[in-house]
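**Q** Below: sequence and its predicted model.
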Amino acid sequence: MAGLKSLAKDTAIYGVSSIVGRFLNYLLVPIYAAAMSAASGGYGVVTEVYAWTALLMVVLTYGMETTFFRFVNKETENPERVYSTVLCMVGSTSLLFAAVCLLFLHPLAGAMEYAEHPWYVGMMALVVAMDAFQCIPFAYLRYKKRPIRFAALKLFFILLNIALNLVYYVIMKGDDVFYAFLFNLICTSVIMLLLIPQLKFGGGFHKPLAKRMLVYSYPILILGVAGILNQVADKIIFRHIYPDKVEAKTQLAIYGACSKIAMIMAMLTQAFRYAYEPFVFGKSKDKDSKVIYAQAMKYFIIFTLLAFLAVMFYLDVLKYILAPDYWPGLRVVPIVMTAEIFMGIYFNLSFWYKLIDETKWGAYFSFAGCAILVLINIVFVPIYSYKACAWAGFIGYAVAMLLSYFVGQKKYPINYDLKAIGKYVALALVLYVISAFLPFENILLLLSVRTVLLVLFVAYIVKNDFPLHQIPVINRFIKK
């Protein structure tokens, strides 16, 4: 139980930074939506370019975050040597990537159909190169149990970025997409300077160690590429498969903006991942590790279901972060959120093959999900537009999740509490369906009834898994 308390504490700190950070980042959505109408397709450009950025981030880190945690927790390895070797590797490849992109900037921009705006691509290349390198010192902060510094740097980046965007897009009434990328580049460069104290090369570069880490990491790279393609492939290929090239930018802008509302699931998954990854490898030698993994899975699902209901019950309020011309895309929010839940479960399941050093399985599962996603997009996007993108993600993640579970139960069996999890899923589904068919037109009455439904779900959680007498502070009043 002490292990879970430690996990909960770190998740809370990472979660605050992640959730608050993503919430603050949401401010960029109404800013961009107001400055760039859906019809202009400006936000569609932002959506597509950042989709490429996410994909390139996975390629340029090539599984070294997870590899770092795996090797730094081995008793036979020198932690400082592991860290400095990873820094040298990722730093060298990131620098090479940036140099090549700048050298061939115009051909690359032309290939991406941004020949008139080559520095969209140039700034993206510089940002992704620095971000990839920064992943390693940020991982080091997690290893050293320094979540406060980690969170402070992440939040500072976001606040600075928002401030610059507010000045240009709100105060100065600008509407040029160029500055969205420029501000990101400026903020990333500032964080690069602030991370200098964490750049420790004292352990040197150890070639034999690097080779062993690459052998471990290359399957993670493959599954990482497949995994991120599940998230961004639809946004990358959308313009190329939608029949009307002009309308495609508008449709992509609507889908990209509305998907942001569903990203609270990505926040929770990311927060959990930041704490869970070092926690899992650190607990792998303990006798009760499987019991803790099963408990962690249940609690993760409970809180993601709670987040799902909270967002869906108050979507009539949350939609106002977008301009009205983006509202037609709100119908995909529950689909995208459910897909994010599947992704989070898949992430939690993924540790069995990392712990037994058979990361190839992750590549198989991710590519299976990705192949389904891409196929659905290619066949149905020309007919159903971005609605097909949402369902493709839902089905793709569901397939990857189920494959990982069934194979994992044979390779590294964990006794998950499926009965309790099933009850939570069933209750959440029932409450969601009830809320969707409430016959109230008065918005205050509708939100009030939905709040009661949400309280019922919370009450069920408290009754079954979080008794009040076990909660600090509250238990003092109960004892009195």
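**A** Perfect, thanks for sending it.
**Q** now the helices for the stretch 351-480 of the chain?
**A** Counting by DSSP state H, counting those that start in this stretch, one finds helices in the stretch 351-480 of the chain at the ranges 351-355, 360-384, 386-411, 418-436, 443-464, 474-479.
**Q** which of the ones you listed has the lowest average pLDDT?
**A** Across the helices of the stretch 351-480 of the chain, helix 474-479 has the smallest mean pLDDT, namely a mean of 48.
**Q** follow-up on the earlier one: looking at the helices of the stretch 351-480 of the chain, which is buried most?
**A** Each of the helices of the stretch 351-480 of the chain was given a mean neighbour count from mean count of other Cβ atoms under 10 Å, and the largest, a mean of 23, is that of helix 351-355. Heads up, the C-betas are built off the backbone N, CA and C, glycines and all.
**Q** Tell me which of the helices of the stretch 351-480 of the chain approaches Met112 most closely.
**A** Ranking these by proximity to Met112 (Cβ to Cβ) places helix 360-384 first, at 18.5 Å.
**Q** about what we covered before: in CSV, list the helices of the stretch 351-480 of the chain along with distance to Pro324.
**A** Shown next, in CSV, are the helices of the stretch 351-480 of the chain (distance: least, Cβ to Cβ, whole Å):
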stretch, distance to Pro324
helix 351-355, 43
helix 360-384, 22
helix 386-411, 17
helix 418-436, 21
helix 443-464, 16
helix 474-479, 42
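**Q** Out of these, which is closest to Leu199?
**A** Among those, helix 351-355 comes nearest to Leu199, with 26.4 Å by Cβ to Cβ.
**Q** from the chain's centre, how far out does that closest one sit?
**A** Distance of helix 351-355 from the chain centroid (Cα atoms, centre = their mean, to the nearest Å) equals 20 Å.
**Q** Using CSV, list the CA coordinates for that helix.
**A** Extracted C-alpha coordinates of helix 351-355, given in CSV (Å, rounded to 0.1, in the frame of the first residue of the first chain):
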residue,chain,number,x,y,z
PHE,A,351,4.4,-3.1,-19.1
TRP,A,352,4.3,-6.9,-19.1
TYR,A,353,6.4,-7.1,-22.3
LYS,A,354,8.7,-4.3,-21.1
LEU,A,355,9.4,-6.2,-17.9
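**Q** which secondary structure elements does that helix contact?
**A** On a contact count with 3 or more Cβ pairs under 8 Å, 6 or more residues apart in numbering; DSSP states H and E, helix 351-355 meets helix 264-283, helix 360-384, helix 386-411.
**Q** Redo those as CSV? Include distance to Leu223.
**A** Conversion of the helices and strands packed on helix 351-355 to CSV gives the following (distance: least, Cβ to Cβ, whole Å):
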stretch, distance to Leu223
helix 264-283, 14
helix 360-384, 4
helix 386-411, 9
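**Q** Compare the ones you listed and report which one is nearest to Tyr216.
**A** Ranking the helices and strands packed on helix 351-355 by their distance to Tyr216 (criterion: Cβ to Cβ) puts helix 360-384 first, at 11.0 Å.
**Q** what does the closest one contact?
**A** Applying Cβ atoms under 8 Å, 6 or more residues apart in numbering, the external contacts of helix 360-384 come out as 219-220, 222-227, 229-230, 233-234, 237-238, 241-243, 346, 350, 353-354, 388-389, 391-393, 395-397, 399-400, 403-404, 407, 411.
**Q** and what of stretch 215-232?
**A** Residues from elsewhere that reach stretch 215-232, judged by Cβ under 8 Å, 6+ apart: 51-52, 54-55, 57-59, 61-64, 66-67, 70-71, 343, 350, 354, 357, 359-360, 362-363, 365-367, 369-370, 373-374, 393, 396-397, 400.
**Q** Next, the buried residues of stretch 135-148.
**A** Buried residues in stretch 135-148, counted by 16 or more other Cβ atoms under 10 Å: Cys135, Ile136, Pro137, Phe138, Ala139, Tyr140, Leu141, Arg142, Tyr143, Pro147.
**Q** Farthest pair within the residues you listed?
**A** Farthest pair in the buried residues of stretch 135-148, by Cβ to Cβ: Ile136 and Pro147, 16.7 Å.
**Q** between the helices and strands packed on helix 351-355, which gets nearest to Ala115?
**A** helix 360-384 (24.5 Å).
**Q** for the stretch 251-400 of the chain, which spans come out with low pLDDT?
**A** Scanning the stretch 251-400 of the chain for pLDDT under 70 picks out 264-289.
**Q** starting at the chain centroid, how far to the host helix or strand of Leu214?
**A** For Leu214, the host element (DSSP states H and E) is helix 207-241. Distance, stretch centre to chain centre, for helix 207-241: 15 Å (Cα atoms, centre = their mean).
**Q** same deal with stretch 72-86?
**A** Computed by Cα atoms, centre = their mean, the chain-centroid distance of stretch 72-86 equals 27 Å.
**Q** can you tell me the distance between the two ends of it?
**A** This stretch, stretch 72-86, spans 11 Å end to end (Cα to Cα, to the nearest Å).
**Q** can you pull the buried residues of it?
**A** Under the neighbour-count criterion of 16+ other Cβ under 10 Å, stretch 72-86 has Val72, Asn73, Glu77, Asn78, Pro79, Arg81, Val82, Tyr83, Ser84, Thr85, Val86 buried.
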